[in-house]
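[1] need a 3D model of the sequence below.
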Amino acid sequence: MTAPQGLVDSTRAPEPGCAQVRVLGPVLVTDGTGTLGVDRPLERAMLVRLALAGGIAVPDRRLAADLWGDGDISRPVERLRVVVSRLRTALGVHGRTVLRTPAGYRTTMVVGDLLAAESIADRLQAAQRADRHAEVVAAADEATRLWRGPALADLMWAPYAAVEAARLDAWRLELTVAGLAAALRLGSGLECLREMGILAAEHPAHEPLARLHALALYRAGRQVDALDRLRGLRSTLAEQFGAALGPESVDLEVRILRHDPALHPSVVAGKWSGSTASTAQRITRYRDVAAYAHRFRRVDH
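    Numbers count the residues shown, from 1 in each chain. Predicted structure coming up:
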């Protein structure tokens, strides 16, 4: 059978004083008054895995595979029972948030920082639709500040954590690019050039980011550098993935070569005039990214 999608539900915001998990950096478990000492890595990994399931029970076989790998696991039910017992002890009065159901283990504890980031991303989307670029910049900055470092940084040994961490950090980059795109629309390209350059070097195959950087370079009077950025993107895509530039990238390259006047739009009374095709960056919710990517694998019972 297919394991539960484990999608975080952004309507389940933590109530004041309730315990929550934070995953946008090294894992933290807090209850509003301080940090809860879930010190054992295995217990911490289990709590995070259950919290990321958004209140849905995780079957024993799936949970065991996510903690110990897909190899032959002896006595998984008994091993899980021991880990859960230790986890409940570590959580103290919050141990009752970890529940046993006929479908597997679940927790009522939420992933507080991820829910907060999704709420901000919703505001960012609304601002994008209304062309309120200053609000997009502010929301992107607010959301990305929730990361305290690489996501799940202390759980990378767990089989499920590397995939989850990669998706969370990719989402952080998407939010960052949305903020930079909005800043460029507000005429802040020169101020953002250095950050764009660093990010583009770190993520050479990220096509929206490369387009954004190329456009900012062109507006700064650096046509050759802008074209070099797109040529580098073309080479990276071909060498790493056997792929060609997307239509928007090809279109931007042609327009830079032709010195298209629309690439130098103006901002009048807070409204953007000119072409927007090469700078648009729509944000998806993390849970939607996770669903489309089939976050958790299939297992047989």
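[2] flag every buried residue along the helix or strand where Ala65 lies.
    According to DSSP states H and E, Ala65 maps onto helix 60-68. Neighbour-count burial for helix 60-68, with 16 or more other C-beta atoms under 10 Å as criterion, is recorded at 60-68. Using the backbone N, CA and C atoms, a C-beta is placed for each residue, glycine as well.
[3] for this structure, give me the ranges with low pLDDT.
    Scanning the chain for pLDDT under 70 picks out the ranges 1-17, 72, 265-301.
[4] ok, now how distant is the residue lying farthest from the centre of it from Leu252?
    Note on the chain: the largest C-alpha distance from the chain mean falls to Arg258, namely 36.3 Å (C-alpha atoms, centre = their mean). Counting by C-beta to C-beta, to the nearest Å, the separation of Arg258 from Leu252 is 11 Å.
[5] return the member of the buried residues of helix 60-68 nearest to Arg44.
    The shortest gap between Arg44 and any of the buried residues of helix 60-68 belongs to Leu67, at 10.8 Å (C-beta to C-beta).
[6] contact partners for that closest one?
    Shown in contact with Leu67 (C-beta atoms under 8 Å, 6 or more residues apart in numbering): 42, 45-46, 49, 83, 158-160.
[7] kindly recompute the last result at 10 Å.
    By C-beta atoms under 10 Å, 6 or more residues apart in numbering, the residues touching Leu67 are 42, 45-46, 49, 73, 76, 79-80, 83, 158-161.
[8] buried residues in stretch 109-128, which are they?
    109-121, 123-125, 127-128.
[9] report the distance from that stretch to the chain centre.
    How far stretch 109-128 lies from its chain's middle: 11 Å, per C-alpha atoms, centre = their mean, to the nearest Å.
[10] same check on stretch 192-201?
    19 Å.
[11] alpha carbons of it, as PDB, please.
    Extracted in PDB, the C-alpha atoms of stretch 192-201 (Å, rounded to 0.1, in the frame of the first residue of the first chain):
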ATOM      1  CA  CYS A 192      20.800  42.500  -5.200                       C
ATOM      2  CA  LEU A 193      23.500  41.700  -7.800                       C
ATOM      3  CA  ARG A 194      26.000  40.300  -5.300                       C
ATOM      4  CA  GLU A 195      23.500  38.000  -3.600                       C
ATOM      5  CA  MET A 196      22.200  36.800  -7.000                       C
ATOM      6  CA  GLY A 197      25.700  36.100  -8.100                       C
ATOM      7  CA  ILE A 198      26.500  34.000  -5.000                       C
ATOM      8  CA  LEU A 199      23.300  32.000  -5.300                       C
ATOM      9  CA  ALA A 200      23.700  31.500  -9.000                       C
ATOM     10  CA  ALA A 201      27.200  30.100  -8.500                       C
END
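[12] which SSE is the spatially most central residue of the chain in?
    Nearest to the mean C-alpha position of the chain, by C-alpha atoms, centre = their mean, lies Trp171 at 2.5 Å. If you go by DSSP H and E, Trp171 is part of helix 161-185.
[13] in that helix, what's buried?
    Neighbour-count burial for helix 161-185 [16+ other C-beta under 10 Å]: 161, 163-165, 167-169, 171-185.
[14] next structured bit after that helix?
    Next element after helix 161-185 (DSSP H and E): helix 189-202.
[15] tell me what angle the first helix or strand past that next one going along the chain forms with helix 189-202.
    Using DSSP H and E, the helix or strand that directly follows helix 189-202 along the chain is helix 207-219. Helix 207-219 runs at 140 degrees relative to helix 189-202, counting by axes from the mean of the first three to the mean of the last three C-alpha atoms, to 10 degrees.
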